[in-house]
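In: What would the 3D arrangement of this be:
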Amino acid sequence: MSGTDYKFEGWLGFDKSSAHGNMKWEEFEPKPWEETDIDIKIECCGVCGSDIHTLRSGWGPTNYPCCVGHEVVGTVVRAGSKVEGGIKVGDRVGVGAQSDACRNRTDKHCKICADGNYNYCRVHHVGTYNGVYMNGGKSYGGYATYQRVPSFFAVKIPESLPSSHAAPMLCAGVTTYAPLKFHGVGPGKRVGVVGLGGLGHFGVMWAKALGAEEVVVISRSSSKKADAMAMGATGFIATGEDPEWLNKNRSTLDVILCTASSADMPFNDYLFLLDLDGVFIQVGAPDDDLPRIKQMALIFNRIKLTGSLIGSPDDIREMFQLAVEKKVQPWVSEIPMKDANKAIVDFEAGAPRYRFVLKNEDYTPVPAQA
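Out: Got it, this is the predicted structure:
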């Protein structure tokens, strides 16, 4: 189908039932080749909550068939004559949740892309799966053997960073790193992280790596407290176990990163944990709406309520460098790619501690090109 001597095959979802472990392994047609493209032989791919939201059409109708997976790591096996970023055959690269943007290649001026904020492009933002490229091709993700993407959105991975660690950083990692960095987390800052899951565990480790004075995990129970402390947290609030949790911790934080995606979380109580001029960053994205916001916490503490979307290629490069320098090591479980259906069911049941990574067991690296 693809005109190459290798096949693009992967786990495809054909309807909403695929989110319940009913994906099918089939061949698919990648986007039409352009000389700015690369083909990647996939070594591994992280499992993300976005994959399941998309498989079940939770965020809107999915363009089936769909191959999910946007934490992709592998080796470049084909590189066009106009590739960007100095990428060549044999390089180990990663692709996150976005694989293209307009980058001012249309008749509409995009100030966002001109400023380098490609992840917020409003003219032609292409997700790594379930998207459509400017040449009409469909984007397919990393639960597969090979992937074709524009080289601009592929990032070289530092040699010292294991592939299974780099993979979850490409979405969960940068989704939490980018807003913490943007909002000035560093020495002297007191940071709260709501939810200790795949996103939250990265939030704790990035806050620590950036030098935050305090890192407090906020969760319903204390079942993950030991894990949180091992990741670098300095405090833990169990909202379901201590009826006085809010009174004890009111106005004690400067930044809260909310990774929870529950429509019934005590959202307004979280706001009262912030001190004057505190920042509340929502990155968890439930299928349903967030709870109704009450205005008094915002007004009396001059709180900034904001969100954040993944990260740009430069954000990913910067994050990788911090991970190397500070020896940030995500907690991952490696699972054979053949068991992807079971993996997404277990993921939805809350099994990861704290990220699943699917690995192609027959993967062999490609020799580097001189």
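In: just for this structure, where's the confidence low?
Out: Residue ranges of the chain with pLDDT under 70: 1-2, 370.
In: Any idea which residue is closest to the centre of it?
Out: Per Cα atoms, centre = their mean, the C-alpha nearest to the average position across the chain is that of residue 171, at 1.7 Å.
In: any idea how far it lies from residue 80?
Out: Between residue 171 and residue 80 the distance, using Cβ to Cβ, to the nearest Å, works out to 25 Å. All C-beta atoms are positioned from the backbone trio N, CA, C, and that covers glycine.
In: longest helix anywhere in the protein?
Out: helix 313-326 (DSSP state H).
In: The helix or strand just after that one pairs with which strands?
Out: Scanning forward in sequence from helix 313-326, with DSSP states H and E defining helices and strands, the next element found is strand 332-336. According to DSSP bridges, the neighbouring strands of strand 332-336, each with its direction, are strand 355-359 (parallel).
In: Residues in contact with the strand it pairs with: which ones?
Out: Outside of strand 355-359, the residues that reach it under the criterion Cβ atoms under 8 Å, 6 or more residues apart in numbering are 43-47, 69, 71, 142-143, 164, 167-168, 172, 198, 201, 330-337, 339-340, 343, 346-347.
In: Narrow the residues you listed to those in strands?
Out: The strands in this structure, assigned by DSSP state E, contain 43-46, 332-336 from these.
In: so can I have JSON lines of these showing distance to residue 121 and neighbour count?
Out: As requested, these are arranged in JSON lines below (distance: Cβ to Cβ, whole Å; neighbours: other Cβ atoms under 10 Å):
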{"residue": "43", "distance to residue 121": "28", "neighbour count": "24"}
{"residue": "44", "distance to residue 121": "27", "neighbour count": "26"}
{"residue": "45", "distance to residue 121": "23", "neighbour count": "34"}
{"residue": "46", "distance to residue 121": "23", "neighbour count": "31"}
{"residue": "332", "distance to residue 121": "30", "neighbour count": "21"}
{"residue": "333", "distance to residue 121": "33", "neighbour count": "15"}
{"residue": "334", "distance to residue 121": "33", "neighbour count": "13"}
{"residue": "335", "distance to residue 121": "33", "neighbour count": "19"}
{"residue": "336", "distance to residue 121": "35", "neighbour count": "12"}
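In: Out of the residues you listed, which is nearest to residue 320?
Out: Distances from the ones in strands among the contacts of strand 355-359 to residue 320 were compared by Cβ to Cβ; the smallest belongs to residue 46, at 14.5 Å.
In: any idea how far the residue nearest to the closest one when sequence neighbours are not counted lies from residue 356?
Out: With sequence-adjacent residues excluded and distances taken as Cβ to Cβ, 6 or more residues apart in numbering, residue 46 is closest to residue 71, at 3.1 Å. Applying Cβ to Cβ, the value for residue 71 to residue 356 is 10 Å.
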